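Chemist: Please find the sequence and the predicted model below.
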Amino acid sequence: MPFNLPILLTWLRIIAIPLLILLYYLPSGWLTASERDITATVLFIGAALTDWLDGYLARKWHQTSAFGAFLDPVADKLMVGAALLVLLHLGRTDMLAALIIIGREITISALREWMAQLGARNSVAVNWLGKVKTIAQMVAIPLLLYGGPLPILGQALALGTLLLWVAVVLTVWSMCYYLNQAWPVIKSRT
């Protein structure tokens, strides 16, 4: 297993997941609800920024690896899934939205693994639609974690909810895109 700064950043993102959840199980009195939400928001934003940074550094420093390529999307999906579960627990997101997003991530991960076994992984390579979906999620989730008032923009909860539903639409659209890309390979090999 290679170890370098990009992989360390990915591991830090994975370590942030239980910390995010732990914030919501601290004994009452340790943090106010507002302090907890702000801390969770900052933690999530920091983790989301490491997602961009680890990929950037790996490419810039020529430190890409098969292990890093495996671990990075796993960390992303775990982070998003954990945050959505916290938001469900807080009543700040809809179960249907969380189910669609988490279900799509599992489906596309399994599809990519299957396509790799068939030697056709490139048919489901990440495209712009998946990247826009990820950006919508990574903006919506911290807004929902914070949930309070924002200068000029109004309530973070309302804006986060709107963006999460945009992410849901992009999630379904990107899943259909990837399934459509894989269908010719699936059809010819089954």
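Modeler: Yep, that arrived.
Chemist: Find the centremost residue of this protein, please.
Modeler: Nearest residue to the geometric centre of the chain (CA atoms, centre = their mean): residue 80, 3.7 Å.
Chemist: Okay, now the sheet partners of the helix or strand bottoming out on mean pLDDT in the chain, with direction.
Modeler: Taking mean pLDDT, DSSP states H and E as the measure, the chain has strand 154-155 as its least confident helix or strand, at a mean of 87. Here strand 154-155 is paired, per DSSP bridges, with strand 149-150 (antiparallel).
Chemist: circling back to that earlier point, may I ask you to confirm that the residue nearest to the centre of the chain is in contact with residue 140?
Modeler: No. Taking contacts as CB atoms under 8 Å, residue 80 lies outside contact range of residue 140: 10.1 Å. In short, each C-beta sits where N, CA and C put it, glycine included.
Chemist: rewinding a little: could you say what helices and strands the next helix-or-strand element following the least confident helix or strand of the chain packs with?
Modeler: Note on strand 154-155: by DSSP states H and E, the next helix or strand toward the C-terminus is helix 156-189. Counting contacts by 3 or more CB pairs under 8 Å, 6 or more residues apart in numbering; DSSP states H and E, helix 156-189 packs against helix 95-117, helix 128-146, strand 149-150.
Chemist: would you list the ones you listed in TSV and tack on distance to residue 47?
Modeler: Converted to TSV, the helices and strands packed on helix 156-189 look like this (distance: least, CB to CB, whole Å):
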stretch	distance to residue 47
helix 95-117	16
helix 128-146	9
strand 149-150	21
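Chemist: between the ones you listed, which gets the lowest average pLDDT?
Modeler: When those are ranked by mean pLDDT, strand 149-150 comes last with a mean of 89.
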